[in-house]
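Asks: Mind folding the following:
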Amino acid sequence: MIPISEIKAAGCNIAVSGDMMNNIREWGEIYENKAPWLVSDYEKRVSSLELPAGIASELARLTLYKGKSWICGKGNQKSSARSEWLQEQYSHFMKGLRPELEIACAVGGMVLKPYVVGDKIYVDTISNDRFIPCAFDLDGNITDAVFLSSAVIGDKYYTRLEQHKWDPDMTYSITNRIFCSSTACSLGTETDLGAVPQWSGIEAERKFRNIKRPLFSYFKLPVANNIDRNSAIGISCYARATGQIRQADEQWERIMWEFQGSELAIMADAGMFKVVRNKEEIPEGNKRLFRVFQEVGEKQYFHEFAPNIRDSSLFHGLNRIFQRIEFNCGLAYGVISDPQTVEKTAEEVRGSKQRSLTHIQNIQSALEDALQGLICILDAYADLYGLAREGEYETVFEWGDGVTEDRDKEFARRLQLASAGKYKWESFLAWYFGCSEEKAAEYIPSAAPLFGGDL
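Replies: From the prediction side, this is the model:
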């Protein structure tokens, strides 16, 4: 990671504290199984249970489980050239959202930054540890940021600083600068844009007028920042459980040591084995079983080593640590821990699931705001570059309840509402088939009622 001091020396303002930046870097390292407490030394070995990646993955899965989002025509209009073009760009991005959301949960957030290639728009997903906020507005929205990209050519390391700045007078500027260094951990000296072939077509500066918002959207994990209360940057989904994650890794290593230390063995006198070339010959495939000793007195020594394993207490302690991790990460009991080992009342189970459900719903709401912002930017680029004809559109979001949803019960409930005239049949079929209401209306027979009556 390039030092912040070098970024500042390049003329970029930094609107995030050093403590916050250090924590973001640490969350990324923990996600990549590079936590500072993981060591390979035989006497002090601590390996990873990969809990951080598992927690981030589970939150991303629950957030997007059965969730759907699409762009369609507005009101009674089935579609428009603008809505169809936007849906094409948007659907391409949504297909790859799941792994990007996992990384965002791990480091606390991500920026969605579209860019134009020909007549299409692609979206860069830039996690918290890959960009630097430079300014915020009064609502805590990022208005100025630097995005870092890297490339390696031969023994040279190139870093591109792409700065986006939006002013309240609706002017927007994008500047690109390239730096060259002999190491990956240094910015180095500034060089020409053409030094890197894949960046040669990028403009050094571009300005736009009448831009109503920054041309990037920020998703922030909806958890209060207890690292830097003055910062508007999100924190990791496991930021409040890093201590317990370390304890879990260490406890697991104790369990593995217990199993290794109590491994079955035969303590045997050397005289019980055939000697070949001045060395006891242990039966093939059994070297791990026998522990050979020299003669002790006149009698040959033979003893089985098979102590009892203290696995119950060790696993019980590990399970308790898992439950603390689940609580601090907003997960229901039983996602990581074993629900069979500790009795819980029905009220505790219900409260655990409700806590997880609320957390997932908050993440879905934050993600929906970020995606709405992304669609506004796609629409703005369509105007700026003349990529699609003007037209109205609307965005539809349907978030499945990934914690407690029972699809059969939900089907019966919606069917009852539709049959009673309290719910449109188009909405019912759109939910069932996962399509727009305009498409669902085509499924409704025009010559016969949906239910009952003579054909």
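Asks: so for stretch 50-65, what's the average pLDDT?
Replies: For stretch 50-65, the mean per-residue pLDDT is 95.
Asks: do the same with stretch 10-20
Replies: The pLDDT scores in stretch 10-20 average 89.
Asks: again with stretch 413-421
Replies: The model assigns stretch 413-421 a mean pLDDT of 89.
Asks: So what's the gap between that stretch and the chain middle?
Replies: 37 Å (Cα atoms, centre = their mean, to the nearest Å).
Asks: neighbouring contacts of it?
Replies: The set of residues external to stretch 413-421 that reach it, using Cβ atoms under 8 Å, 6 or more residues apart in numbering, is 423, 424, 425, 427, 428, 431, 451. To be clear about C-beta, it is placed using only N, CA and C from the backbone, and glycine gets the same treatment.
Asks: cool, stretch 111-131 as well?
Replies: Taking Cβ under 8 Å, 6+ apart as the rule, stretch 111-131 contacts 1, 24-25, 27-28, 89, 92-93, 100, 103-104, 106-110, 142, 145-148, 164, 215-219, 233-234, 370-371, 373-374, 377-378, 381, 385, 387.
Asks: one more time with 6 Å
Replies: 24, 28, 89, 93, 100, 103-104, 107-110, 145, 147-148, 216-218, 374, 377-378, 381, 385, 387 (Cβ atoms under 6 Å, 6 or more residues apart in numbering).
Asks: still on that earlier bit, neighbour-wise, which one of the contacts of stretch 413-421 leads?
Replies: Comparing these by number of neighbours (other Cβ atoms under 10 Å), residue 428 comes first, having 20 neighbours.
Asks: That residue in helix, strand or coil?
Replies: helix (DSSP: H, G, I helix; E, B strand; the rest coil).
Asks: pLDDT at it, what is it?
Replies: On the pLDDT scale, residue 428 gets 87.
Asks: same check, this time on residue 260
Replies: 75.
Asks: do you know how far it is from residue 189?
Replies: Distance of residue 260 to residue 189, given as Cβ to Cβ, to the nearest Å: 53 Å.
Asks: Ok, residue 15 next?
Replies: 25 Å.
Asks: Between these two, tell me which one has more neighbours.
Replies: residue 15 (16 against 8).
Asks: and the end-to-end length of stretch 40-51?
Replies: Terminal residues of stretch 40-51 are spaced 18 Å apart (Cα to Cα, to the nearest Å).
Asks: cool, and stretch 425-439?
Replies: So stretch 425-439: terminal residues 12 Å apart, Cα to Cα.
Asks: how far out from the middle of the chain is it?
Replies: With Cα atoms, centre = their mean, you get 30 Å for stretch 425-439.
Asks: can you check stretch 370-384 too?
Replies: Worked out by Cα atoms, centre = their mean, stretch 370-384 lies 23 Å from the chain centre.
Asks: got the CA coordinates for it in PDB?
Replies: Extracted in PDB, the C-alpha atoms of stretch 370-384 (Å, rounded to 0.1, in the frame of the first residue of the first chain):
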ATOM      1  CA  ALA A 370     -26.100   3.200  -4.000                       C
ATOM      2  CA  LEU A 371     -27.700   1.400  -7.000                       C
ATOM      3  CA  GLN A 372     -30.200   4.200  -7.400                       C
ATOM      4  CA  GLY A 373     -27.300   6.600  -7.500                       C
ATOM      5  CA  LEU A 374     -25.500   4.400 -10.100                       C
ATOM      6  CA  ILE A 375     -28.500   4.400 -12.400                       C
ATOM      7  CA  CYS A 376     -28.700   8.200 -12.200                       C
ATOM      8  CA  ILE A 377     -25.100   8.300 -13.300                       C
ATOM      9  CA  LEU A 378     -25.800   5.900 -16.200                       C
ATOM     10  CA  ASP A 379     -28.600   8.100 -17.300                       C
ATOM     11  CA  ALA A 380     -26.300  11.200 -17.100                       C
ATOM     12  CA  TYR A 381     -23.600   9.500 -19.200                       C
ATOM     13  CA  ALA A 382     -26.300   8.600 -21.800                       C
ATOM     14  CA  ASP A 383     -27.000  12.300 -22.100                       C
ATOM     15  CA  LEU A 384     -23.300  13.500 -22.000                       C
END
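Asks: what's next to it, contact-wise?
Replies: 86, 89, 112, 114, 116, 121, 215, 217, 219, 388, 395.
Asks: Counting neighbours, which of those comes out on top?
Replies: Counting neighbours by other Cβ under 10 Å, residue 219 leads the contacts of stretch 370-384 with 27 neighbours.
Asks: Can you classify it as helix, strand or coil?
Replies: Going by three-state DSSP: residue 219 is strand.
Asks: quick one, what contacts it?
Replies: 104, 109, 110, 367, 370.
Asks: Ramachandran angles for the residue lying closest to it once chain neighbours are set aside?
Replies: Nearest residue to residue 219 in three dimensions, chain neighbours excluded: residue 370, at 3.7 Å (Cβ to Cβ, 6 or more residues apart in numbering). Here is the backbone geometry of residue 370 (degrees, to the nearest 10): phi -70, psi -40.
Asks: circling back: of all the contacts of residue 219, which comes closest to residue 170?
Replies: Checking these against residue 170 by Cβ to Cβ gives residue 370 as the nearest, at 21.3 Å.
Asks: how near is the closest one to residue 123?
Replies: In this structure, residue 370 and residue 123 are 11 Å apart, going by Cβ to Cβ.
Asks: Then residue 177?
Replies: Taken as Cβ to Cβ, the span from residue 177 to residue 123 is 23 Å.
Asks: Equivalent analysis for residue 66, please.
Replies: For residue 66, the distance to residue 123 - Cβ to Cβ - is 23 Å.
Asks: again with residue 25
Replies: 24 Å.
Asks: Show the pLDDT at the residue nearest to residue 219.
Replies: The model's pLDDT for residue 370 equals 97.
Asks: And for it, the neighbour number?
Replies: Residue 370 has 19 nearby residues by other Cβ under 10 Å.
Asks: likewise residue 419?
Replies: Neighbour tally, residue 419, other Cβ under 10 Å: 14.
Asks: Ok, residue 51 next?
Replies: The number of residues near residue 51, taken as other Cβ under 10 Å, comes to 23.
Asks: got a winner among the contacts of residue 219 for most neighbours?
Replies: Neighbour max across the contacts of residue 219 (other Cβ under 10 Å) = residue 104, 30 neighbours.
Asks: Look at it and give its secondary structure.
Replies: Going by three-state DSSP: residue 104 is helix.
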